[in-house]
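A.B. asks: the following comprises the amino acid sequence and a computationally predicted model.
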Amino acid sequence: MTNNAVPQYSSSSSSSSSSSSSSSSTGSDMPKNDVVSSSSYSEIWNYLWIPLLISYSKELSLAKAHHPGDGASGRLNNATNASYIAASYVKFVESAGARVIPLIYNEPSHILFQKLNLVNGVLFTGGWAKTGLYYKVVERIFKKALERNDAGDHFPLYAICLGFEILTMIISKDHNILEAFNATDQASTLQFMDNTHIEGTVFQRFPPTLLKKMSTDCLVMQNHRYGISPERFQENQNLSSFFKVLTTSTDEDNKVYVSTVHSHSYPVTAFQWHPEKNAFEWGLSMIPHSEEAVQVTQHVANFLVSEARKSLNRPPSRRVLDNLIYNYSPTYCGKAGKGYDEVYIFS
């Protein structure tokens, strides 16, 4: 589905809610565990929220947010209130041991934020919507995630592609900060910044051999038309004080952009690339599917869920079960879509 939802993570015996959104200009992916989706924020849910709930039974739940549309330019569902989450985000979260709750961006806000209370983490997916209700909802969810951390609950947030772009706009307080890049359907390397310390980041458990291969072999998938250069990133005090740059990548025109960032003070990680696609999507020609590329997907998913397990949130099991992504059925769109194999459509 297109990415109009925000995913959240949580680890507990009950699932949490999450929503997903589409990737920054071309598609979107969302992680899953417990996903909560709302349908009233059609242009805002370009993120995935995947909350992980930690309970004595060690079960995990994540929430993902929906993105406006159906993920296939109306070929699957042309309802004006339709939103979607790519199933790859759900599989991504589930592969690390969590469940997903979809957050539907255009549902009543009080319902959406009740679902947010069921999760232990959030995932913002890829997609296209950077304005309107979708943007506003993502902004509110992001602020809620920071508030949860400030209040003492370890509440992780992942932002992928469009999610990365929207966070860049929100944190920089500049809606025009993004630049044009040529990185649509491109496999690329990740170049680590000099003197980068990976302890406490998404890369901390990567084997040294895999870290080295990521800088020499094209093991990650890029699918975006916008991003931010390292120079512009560092010039914005709001961005550079909130995030540290971990990696950069180069587009088809040899222009360098920021590709992975990690917050200095919060469990927030943003990816301009698509860690979920290597193992779970086949619709674009340049998605890497090698053994090493799939290992990248798994390590990134494992880190998110391990962070969500630190959450102290333990929502009621029945409420989690009522909101899990399992209450919905995915739609196969490999023949009609734009790069997604399956999407969850909400309308």
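C.D. replies: That came through fine. Numbers count the residues shown, from 1 in each chain.

A.B. asks: so where's the stretch 201-347 of the chain uncertain?
C.D. replies: Low-confidence segments of the stretch 201-347 of the chain (pLDDT under 70): 336-338.

A.B. asks: show me where it has helices.
C.D. replies: With helices called from DSSP state H, counting those that start in this stretch, the stretch 201-347 of the chain shows them at 208-216, 230-235, 237-242, 277-280, 291-308, 317-323.

A.B. asks: what's the closest of the ones you listed to Ala82?
C.D. replies: When these are ranked by distance to Ala82, counting by CB to CB, first place goes to helix 317-323 at 19.4 Å. Glycine gets a C-beta too; all of them are placed from N, C-alpha and C.

A.B. asks: out of the helices of the stretch 201-347 of the chain, flag the one nearest Phe271.
C.D. replies: With distances scored as CB to CB, the stretch of the helices of the stretch 201-347 of the chain nearest to Phe271 is helix 291-308 (7.8 Å).

A.B. asks: just the CA coordinates for stretch 224-240, please, in PDB.
C.D. replies: Extracted in PDB, the C-alpha atoms of stretch 224-240 (Å, rounded to 0.1, in the frame of the first residue of the first chain):
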ATOM      1  CA  HIS A 224      13.700   8.700  -3.700                       C
ATOM      2  CA  ARG A 225      13.900  12.000  -5.500                       C
ATOM      3  CA  TYR A 226      14.600  14.300  -2.600                       C
ATOM      4  CA  GLY A 227      17.100  14.300   0.200                       C
ATOM      5  CA  ILE A 228      19.600  16.600   2.000                       C
ATOM      6  CA  SER A 229      23.300  17.200   1.400                       C
ATOM      7  CA  PRO A 230      25.800  16.900   4.300                       C
ATOM      8  CA  GLU A 231      26.600  20.600   3.900                       C
ATOM      9  CA  ARG A 232      23.000  21.800   4.200                       C
ATOM     10  CA  PHE A 233      22.400  19.300   7.000                       C
ATOM     11  CA  GLN A 234      25.300  20.700   9.100                       C
ATOM     12  CA  GLU A 235      24.300  24.300   8.300                       C
ATOM     13  CA  ASN A 236      21.000  23.900  10.000                       C
ATOM     14  CA  GLN A 237      21.600  24.100  13.800                       C
ATOM     15  CA  ASN A 238      18.300  22.400  14.600                       C
ATOM     16  CA  LEU A 239      19.200  19.300  12.500                       C
ATOM     17  CA  SER A 240      22.800  19.000  13.500                       C
END
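
A.B. asks: ramachandran angles for Phe181?
C.D. replies: phi -140, psi 160 (degrees, to the nearest 10).

A.B. asks: do you know how far it is from Tyr226?
C.D. replies: Separation of Phe181 from Tyr226 (CB to CB, to the nearest Å) stands at 6 Å.
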